[in-house]
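Model the structure of this input:
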Amino acid sequence: MTLDDVAGPDRAPETIWEQCVEWAELLVRIQLDHRRRTRRFSETDSVTLTGSDRPLVVVLLAAALHAQAVVLRAETPRDALRIPLATATEKGLSATLRRTPYAALCDAPQVRGAGAVQRAVLIARAESGHPDDTLLWHRVRAAAAAAVETAGRSCASDDVDWWEGGHTIADVIAVYPPTRSV
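As a prediction, this is how the structure comes out:
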């Protein structure tokens, strides 16, 4: 899923949810570029970053980003630029993906055509006890967390662990400008 699927090809994001989808797509692209550049592209990466799981990873990241925007009481997409990737106090996007990804999905906006199908699939898989569903849920969560970590590491200086730097989505955009601007 891309922003074009949500907002259309010629329209910039107008809502925080649409902006979160764009940023989620950016985080996945950063992870994909990193894996290819370092030649550490695996079979799992193929599925989660370019294949059938990619839209699920994007929606999970968008839901976690949106959950953080709610915590920040962001009223506009520009306000949401302050979303932290991680903090030393276990807050931010990485903590949401580790601790409450299911709640983030459940609380994400239910916008028709804007990841609604992927959201429903992920919720169903998370609730299922079937091993294949559990595997999918964990694979998507791991891919989303890895994308955040890679983006965080790209913003961090060598002398600070990436999660202690207080980096925000704005810092990621400064390093990797998206195709559209806020």
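
Identify all contacting residues around the top helix by length along the chain.
Looking across the chain with DSSP state H, the single longest helix is helix 131-155. With contacts defined as CB atoms under 8 Å, 6 or more residues apart in numbering, helix 131-155 is touched by 27-28, 30-31, 34, 44-45, 47-49, 53, 56-57, 60-61, 64, 85-86, 93-94, 97-98, 101, 122, 124-126, 128, 162-163, 165, 167, 171-172, 174-176. For every residue, glycine as well, the C-beta is placed using N, CA and C.

ok now it, how far from the chain's centre?
Chain-centre distance of helix 131-155: 9 Å, with CA atoms, centre = their mean, to the nearest Å.

so after it, what's the next helix or strand?
On the C-terminal side of helix 131-155, the closest following helix or strand by DSSP states H and E is helix 169-175.

buried set for that following helix?
Buried residues in helix 169-175, counted by 16 or more other CB atoms under 10 Å: I169, D171, V172, I173.

so what does that helix touch, helix or strand wise?
Packed against helix 169-175 by the contact rule (3 or more CB pairs under 8 Å, 6 or more residues apart in numbering; DSSP states H and E) you find helix 16-37, helix 131-155.

Dump those helices to JSON lines, plus mean neighbour count.
Listed next are the helices and strands packed on helix 169-175 as JSON lines, based on neighbours: other CB atoms under 10 Å:
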{"stretch": "helix 16-37", "mean neighbour count": "23"}
{"stretch": "helix 131-155", "mean neighbour count": "19"}
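
Please name whichever of those is nearest to P109.
helix 16-37 (4.5 Å; CB to CB).

Quick one: mean pLDDT for the closest one?
Mean per-residue pLDDT for helix 16-37: 89.

What is that helix packed up against?
Identification of packing neighbours for helix 16-37 by 3+ CB pairs under 8 Å, 6+ apart yields helix 3-7, helix 54-71, helix 131-155, helix 169-175.

let's see 10 Å
The contact analysis (3 or more CB pairs under 10 Å, 6 or more residues apart in numbering; DSSP states H and E) places helix 16-37 against helix 3-7, helix 43-45, helix 54-71, helix 93-99, helix 131-155, helix 169-175.
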